[in-house]
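Student: just a sequence and a predicted model for now, questions to come.
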Amino acid sequence: MIKDLMEFAGAVYDSSHGSPFDRGSADSYYGRFASPHWYPKGTGHAPRIEGQGMTQAEVKAYYAGFEHNEQHGDKKSWD
């Protein structure tokens, strides 16, 4: 059961820790380049699924998370 949901750009995404949406958001937050991936068992827990192993819906969710964070300007301060 999905507990954490995020609505963005007319769609609803699973935003739970490790989800494609979450990982896209995190990459944006930390100033990393977009590189679709996710962790089905939660961030940092194997396996890490890379872009070529993701469905179109998962890749879309990753980019939605990235863009959501870009639009909201939430960025890590390295000071």
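Tutor: Cool, got the structure. Numbers count the residues shown, from 1 in each chain.
Student: residue boundaries of the helices in the protein?
Tutor: 20-29, 56-72 (DSSP state H).
Student: closest one to A11 among those helices?
Tutor: Taking C-beta to C-beta, helix 56-72 is the member of the helices of the chain nearest to A11, at 6.8 Å. Bear in mind the C-beta positions are built from the backbone N, C-alpha and C, glycine included.
Student: coming back round to it: I'd like the helices of the chain laid out as TSV, including distance to R48 and mean pLDDT.
Tutor: Converted to TSV, the helices of the chain look like this (distance: least, C-beta to C-beta, whole Å; pLDDT from 0 to 100):
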stretch	distance to R48	mean pLDDT
helix 20-29	9	98
helix 56-72	13	97
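Student: the ones you listed: which one's closest to A46?
Tutor: Of all the helices of the chain, it is helix 20-29 that lies closest to A46, at 14.4 Å by C-beta to C-beta.
Student: count of neighbours near G31?
Tutor: G31: 9 surrounding residues under other C-beta atoms under 10 Å.
Student: for it, give its distance to K75.
Tutor: Distance of G31 to K75, computed by C-beta to C-beta, to the nearest Å: 6 Å.
Student: picking that back up, mean neighbour count, the helices of the chain: which tops it?
Tutor: Greatest average neighbour count among the helices of the chain goes to helix 20-29 (a mean of 23), per mean count of other C-beta atoms under 10 Å.
Student: so which elements touch that one?
Tutor: strand 11-14, strand 37-38, helix 56-72 (3 or more C-beta pairs under 8 Å, 6 or more residues apart in numbering; DSSP states H and E).
Student: using TSV, lay out those together with distance to D27.
Tutor: Output for the helices and strands packed on helix 20-29, formatted as TSV (distance: least, C-beta to C-beta, whole Å):
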stretch	distance to D27
strand 11-14	15
strand 37-38	9
helix 56-72	6
